[in-house]
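K.L.:
Please find the sequence and the predicted model below.
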Amino acid sequence: MKTFVYPGSFDPVTNGHVDIIDRASKICDKLIVVVSVNMGKTPAFSMEERLELLRLAVGNNPKVEITSFSGLLVDFMRERNAKTIIKGLRAVSDFEYEMQMALLNRNMDNDIDTLFMMSSINNSFLSSSVVRELAKYGGKIDDFVPAQIADIIYRKFSK
Ligand code: PNS
């Protein structure tokens with residue numbers, strides 16, 4: 001059974017993430033999307049909110065499990081007997097950080113590999129931080145997040 005793990009902050013999930021989830025789920029038996037702690041970031045959405053947005057965004061894909069974990073990703077991978085991390089790459093600017101993470105994770109566990117999937121061209125400029133900023137200042141986010149979560153994101157920033 002080929003299990004992939006897609007970790008991230010998902011603060012909030014965007015169409016870019018959903019695209020990677022859809023495409024990655026087609027090339028594995030099971031895809032675990034794990035909302036993890038990035039110590040370099042202070043999230044705008046709580047862990048519960050991020051999980052709920054992901055559930056709404058992904059809908060009913062029988063191959064996809066959505067969960068959270070605080071700790072080292074390699075420990076989660078071992079716990080779930082998974083060997084493959086999947087990450088999306090938008091541009092060269094993502095590369096340095098993602099390479100560092102991939103090498104660090106492999107250094108901690110030689111059995112664990114990271115696969116990179118290029119984002120679709122129409123999502124290559126998209127990020128959670130762009131969505132947060134647009135929502136905060138009343139910009140349009142409808143093209144950047146799934147329709148079923150746009151209002152929840154607007155409401156968060158209208159408080
Ligand atoms: O969406 P992000 O913020 O780029 O995701 C980064 C994330 C959460 C995948 C990364 O910070 C992570 O793997 N956090 C878990 C802790 C860990 O294992 N860190 C890597 C070794 S220091």
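P.N.:
Received it, and whenever you're ready, just let me know what you need.

K.L.:
what's residue 95 in contact with, if anything?
P.N.:
Applying C-beta atoms under 8 Å, 6 or more residues apart in numbering to residue 95 gives the contacts residue 89. Where C-beta positions appear, they are placed from N, C-alpha and C, glycine not excepted.

K.L.:
That one falls within a helix, correct?
P.N.:
Yes. Counting by DSSP: H, G, I helix; E, B strand; the rest coil, residue 95 is located in a helix.

K.L.:
From residue 87, how far off is it?
P.N.:
11 Å (C-beta to C-beta, to the nearest Å).

K.L.:
Residue 117 and residue 95: what is the separation?
P.N.:
Per C-beta to C-beta, residue 117 is found 13 Å from residue 95.

K.L.:
joint contacts of the two?
P.N.:
residue 89.

K.L.:
And the host helix or strand of residue 34, what's buried?
P.N.:
Taking DSSP states H and E as the definition, one finds residue 34 inside strand 30-36. Buried residues in strand 30-36, counted by 16 or more other C-beta atoms under 10 Å: 30, 31, 32, 33, 34, 35, 36.

K.L.:
Great, nothing more from me.
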